[in-house]
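Chemist: Whatever this is, show me its structure:
(3 chains)
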Amino acid sequence: MLTVPLPNTPSRDEMIDALLLKAEVEAFNEAYARALDEQRLMDWAELFTPDGFYTIISRENYDRKLPVGLIYCENRGMIRDRAFALEKTAMFAPRYLRHMIGSLKVAQEPDGTITAGANYAVFQVLFDRPDATIHQVGRYVDRFERTSEGLKLASRTCIYDSLLIDNALCIPV
Amino acid sequence: MLTVPLPNTPSRDEMIDALLLKAEVEAFNEAYARALDEQRLMDWAELFTPDGFYTIISRENYDRKLPVGLIYCENRGMIRDRAFALEKTAMFAPRYLRHMIGSLKVAQEPDGTITAGANYAVFQVLFDRPDATIHQVGRYVDRFERTSEGLKLASRTCIYDSLLIDNALCIPV
Amino acid sequence: MLTVPLPNTPSRDEMIDALLLKAEVEAFNEAYARALDEQRLMDWAELFTPDGFYTIISRENYDRKLPVGLIYCENRGMIRDRAFALEKTAMFAPRYLRHMIGSLKVAQEPDGTITAGANYAVFQVLFDRPDATIHQVGRYVDRFERTSEGLKLASRTCIYDSLLIDNALCIPV
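Modeler: Presented below is the predicted three-dimensional model:
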């Protein structure tokens, strides 16, 4: 067996560091999913940096670099506005969401920027229908910043596969 | 960069310990899911402590602290009875289940108690329908005990989002 | 508390090694899912060893040891042929796939062979239907080999729960 690592082979410590970073992003995604699943939209907004970007865009538009999205928020103020409006106008309330997030990939750039991607499936129960259905499946493309309060989203792009979104409501995923 | 950790910042070793504990719960959930997916209900019952608690309850009732559930077992004897009855009466057999468990969160209290939560989506294939459908989505709220045989469930509460459960069968998830 | 580990109790270093191995398989599955979700079928084929085996088989046939499958490839040449045919004949194109992989279990045999199992749920969006549906749920049963390019699949058996597969197309999952 080789005992001298090849130039590109990470050391055991580097592999553990990568594992710890991935676990941190996983814990972030867990808190993110729980905020939305428990309908705590104002808590959800606080998971972004002050100039955090959030959009939900179709895979078709994303691939064609068309920025038209279901939701388009250029900073946390806009994200808070969206969260507040949804909570007050009861557009969000008459449904339960349930997130499954998988296939997480995390990378750290030399300048410290953390980028990540993950697949998501969001299920929903509408209050006038008894059974759970698929609300949306797609992929998160993320950029994180490390702050004194832990990781925050500098940018999350939710790229959904579906061509049309269930009953046209623009709720965060 | 800071080299002295802040008082609340866990050390690298503590972060690794948390990772190892989470991996242990993940391995438990994998064995749990596999026992149900492979229809080994008696093996499933053995994943609980002797006074292990198991219930399946709607999100609505859980939020209102109403203890009415689809299944309500106060100890492993009752869990074994349920497992035995389902295996013998062929209520469980004419379907395949498939578990997806995600968004796992694990915490260890100062007294050693391990608490955890996770989202689940259980898919099913009924033998008289060719396609897979969603059986139930929801959240596990758990308490674990460490025994000489590894982790066991002291309590698992399955809180399902759906208002009605597919064809009224009370099968474990 | 015991300070001398029992004979069968893994040491902390062994537990970390198991975690690193599991993370490696997880990263493999992430790349695998992404290749299929992004419709890069030729990249998908390269995830197998030269004599890599790939099959999609129903749970019923698998349990009865009947080798009849939707897809049956005995080596990477056959896998490449399949990938090439699907890309050229546009059977694969008019749909998006989205993988969720969970309940991963990884073991390393004394001879170094890595075996693994995982649950999968594959969602699809067909171009003539606006909503996401379940394409297939099931279980991967895998054998990996470590090569100079990292882990490769020596064998992946996809055991699907569904009795019939959506519109009879034989696409990789």
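Chemist: what about the helices in chain A?
Modeler: Ranges of helices in chain A, per DSSP state H, are A:12-37, A:41-45, A:59-63, A:76-89.
Chemist: Would you tell me which of these gets closest to chain C?
Modeler: helix A:12-37 (5.4 Å; Cβ to the nearest Cβ). In short, each C-beta sits where N, CA and C put it, glycine included.
Chemist: Tell me what angle that closest one forms with helix B:12-37.
Modeler: Put simply, helix A:12-37 runs at 60 degrees to helix B:12-37, going by axes from the mean of the first three to the mean of the last three Cα atoms, to 10 degrees.
Chemist: In helix A:12-37, which residues are buried?
Modeler: Neighbour counts over helix A:12-37 (16 or more other Cβ atoms under 10 Å in any protein chain shown) mark A:15-16, A:18-19, A:21-37 as buried.
Chemist: now do stretch A:45-63
Modeler: Residues A:45, A:47-49, A:52-59, A:62 are the ones in stretch A:45-63 that count as buried (16+ other Cβ under 10 Å).
Chemist: Looking at those, which one is closest to chain C?
Modeler: The closest of those, once distances to chain C are taken by Cβ to the nearest Cβ, is A:Arg59, at 6.4 Å.
Chemist: Show me which helix or strand of chain A is least confident by mean pLDDT.
Modeler: Least confident helix or strand of chain A, by mean pLDDT, DSSP states H and E, is strand A:69-73 with a mean of 88.
Chemist: Could you list every helix and strand in contact with that strand?
Modeler: Here strand A:69-73 touches strand A:48-58, helix A:76-89, going by 3 or more Cβ pairs under 8 Å, 6 or more residues apart in numbering or on different chains; DSSP states H and E.
Chemist: Could you tell me the least trusted of the ones you listed?
Modeler: Mean pLDDT is lowest for helix A:76-89 among the helices and strands packed on strand A:69-73, at a mean of 91.
Chemist: I'd like to check what contacts it. Which residues are they?
Modeler: Applying Cβ atoms under 8 Å, 6 or more residues apart in numbering or on different chains, the external contacts of helix A:76-89 come out as A:39, A:41-42, A:44-46, A:48-52, A:54, A:71, A:73, A:91-93, A:171-172.
Chemist: Can you pull out the low-pLDDT segments for chain A?
Modeler: A:1-7, A:90-93, A:164-169 (pLDDT under 70).
Chemist: Enumerate the residues of chain A near chain C.
Modeler: For chain A, the contact set with chain C under Cβ under 8 Å from any Cβ of the partner chain comprises A:12, A:15-16, A:18-19, A:22, A:59, A:100, A:102-105, A:119, A:121, A:134, A:136-139, A:161-164, A:166.
Chemist: Mind checking which of these land in strands?
Modeler: Of the residues of chain A next to chain C, the ones assigned to strands by DSSP state E are A:100, A:102-105, A:119, A:121, A:134, A:136-139.
Chemist: Any chance of these in CSV with neighbour count and distance to A:Leu66 as columns?
Modeler: Supplementary listing: these in CSV, determined by neighbours: other Cβ atoms under 10 Å in any protein chain shown; distance: Cβ to Cβ, whole Å:
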residue, neighbour count, distance to A:Leu66
A:Met100, 22, 28
A:Gly102, 23, 27
A:Ser103, 23, 25
A:Leu104, 19, 27
A:Lys105, 18, 25
A:Asn119, 24, 22
A:Ala121, 27, 24
A:Ile134, 20, 24
A:Gln136, 23, 19
A:Val137, 30, 20
A:Gly138, 28, 16
A:Arg139, 21, 17
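Chemist: Can you report how many residues lie near A:Pro10?
Modeler: Using other Cβ atoms under 10 Å in any protein chain shown, A:Pro10 has 12 other residues around it.
Chemist: Now do the same contact list for the nearest residue to it once chain neighbours are set aside.
Modeler: Residue nearest to A:Pro10 in three dimensions, not counting chain neighbours: A:Ala18, with 7.1 Å by Cβ to Cβ, 6 or more residues apart in numbering or on different chains. Listed by Cβ under 8 Å, 6+ apart, the contact partners of A:Ala18 are A:10, A:106, C:23.
Chemist: Neighbours of the second one, how many?
Modeler: For A:Val106, the number of neighbouring residues by other Cβ under 10 Å comes to 20.
Chemist: what sits against it?
Modeler: Neighbouring residues of A:Val106 by Cβ under 8 Å, 6+ apart: A:18, A:21-22, A:25, A:114-116.
Chemist: okay, among those, which ones form the most distant pair?
Modeler: Spanning the widest gap among the contacts of A:Val106 are A:Ala18 and A:Thr115, at 13.2 Å by Cβ to Cβ.
Chemist: Ramachandran angles for the residue of chain A found nearest chain B?
Modeler: Closest residue of chain A to chain B, Cβ to the nearest Cβ: A:Pro130 (3.5 Å). Main-chain torsions, A:Pro130, degrees, to the nearest 10: phi -80, psi -20.
Chemist: Is it in contact with B:Leu163, as I believe?
Modeler: Yes - with contacts defined as Cβ atoms under 8 Å, A:Pro130 counts as touching B:Leu163 at a distance of 4.5 Å.
Chemist: who has more neighbours, these two?
Modeler: A count of neighbours by other Cβ under 10 Å puts B:Leu163 above the other of A:Pro130 and B:Leu163, at 17 against 12.
Chemist: Correct me if wrong: A:Val125 contacts A:Ile134.
Modeler: No - assessed by Cβ under 8 Å, A:Val125 is found out of contact with A:Ile134, at 11.4 Å.
Chemist: leaving aside the residues next to it on the chain, what's closest to A:Ala31?
Modeler: Spatial nearest neighbour of A:Ala31, chain neighbours left out: A:Leu47 (6.9 Å); criterion: Cβ to Cβ, 6+ apart.
Chemist: List the contacts of the one you found.
Modeler: Applying Cβ under 8 Å, 6+ apart, one finds that A:Leu47 lies in contact with A:28, A:31-32, A:35, A:152-153.
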